[in-house]
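In: Predicted coordinates and the sequence they were generated for:
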Amino acid sequence: MKIALNYVIAFSLVLFFASCAKSKHKIGSMYKGGYIFKINMFGHGLCAAPKDLKPQEWGCYGTLINGANGKEIGTGKQNTKDIIDGCVSYYPIAARSCDDLVVDSYDDWFLPSLEELLLMHRELYAQSIGDFTPNEYWSSSQNFSLGAWKVNFATGEKGNDSNKSNKGLRVRAIRSF
């Protein structure tokens, strides 16, 4: 009887939190400075800045940045921190530009990981939301000392750019909410 009661209480709590967490915000809507492209049942997620930053290099060509290799959703923020901490450059670099961005008083932007960038492509660009261009975008996911992962928004394909000093790739910051 005690076990059954515990299950009933646990199930009731799950239903309560799920009902409270129903978000009125939807994929593609503007919220907290950007376009939502991921949202969970608790109303938390990721949004993309409303505009691209200037095309610029990933940074530190030939230098392996320790820790900046997370590809999964949820690793972009740490990758960005690792890039900023490990890459000394006189030129603008994508991670630092995202970190410096302020939109609608939100200043916690970062360069998306590979999977975050792929999700942004699928949920926003493919739906014609967010003023993206059909070009290649940098991710924060380093592949090796010379290269980093990118996504071609025209095709949705991921690839490795073997030249982190390539200044022709687009940059779009994201943030968690």
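Out: Arrived safely. Residues are numbered from 1 along each chain as shown.

In: Can you get me a residue count around residue 85?
Out: Neighbourhood size, residue 85 [other Cβ atoms under 10 Å]: 13. For the C-beta atoms, the positions are set from N, CA and C on the backbone; glycine is no exception.

In: Mind telling me what element it is part of?
Out: In the assignment (DSSP states H and E), residue 85 maps to helix 76-86.

In: same for the helix or strand following that helix, what does it pack against?
Out: Heading C-terminal from helix 76-86, the first helix or strand you meet, by DSSP H and E, is helix 94-100. Contacts defined by 3 or more Cβ pairs under 8 Å, 6 or more residues apart in numbering; DSSP states H and E place helix 94-100 against helix 76-86, strand 136-142.

In: ok, the residue nearest the centre of the chain - contacts?
Out: Nearest residue to the geometric centre of the chain (Cα atoms, centre = their mean): residue 112, 2.9 Å. Residues in contact with residue 112 (Cβ atoms under 8 Å, 6 or more residues apart in numbering) are 46, 48, 76, 120, 139, 140, 172, 173, 174.

In: quick one: stretch 99-112 to chain centroid distance?
Out: 11 Å (Cα atoms, centre = their mean, to the nearest Å).

In: and it, which residues are buried?
Out: For stretch 99-112, burial by neighbour count (16 or more other Cβ atoms under 10 Å) applies to 99, 101, 103, 106, 108, 109, 110, 111, 112.

In: cool, and stretch 137-149?
Out: 137, 138, 139, 140, 141, 142, 143, 146, 147, 148, 149.

In: Tell me which two in these are the farthest apart.
Out: With Cβ to Cβ as the measure, no two of these lie farther apart than 137 and 146, at 18.6 Å.

In: ok, back up a step: out of the helices and strands packed on helix 94-100, flag the one nearest residue 126.
Out: For residue 126, the closest of these is strand 136-142, at 13.6 Å, according to Cβ to Cβ.

In: Please export the C-alpha coordinates of the helix or strand following that closest one as PDB.
Out: Next helix or strand after strand 136-142 toward the C-terminus (DSSP H and E): strand 148-152. What follows is strand 148-152, C-alpha atoms only, in PDB (Å, rounded to 0.1, in the frame of the first residue of the first chain):
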ATOM      1  CA  ALA A 148      36.200  23.400 -36.600                       C
ATOM      2  CA  TRP A 149      32.700  22.100 -37.500                       C
ATOM      3  CA  LYS A 150      30.400  24.200 -39.700                       C
ATOM      4  CA  VAL A 151      26.900  23.900 -41.100                       C
ATOM      5  CA  ASN A 152      26.000  24.800 -44.700                       C
END
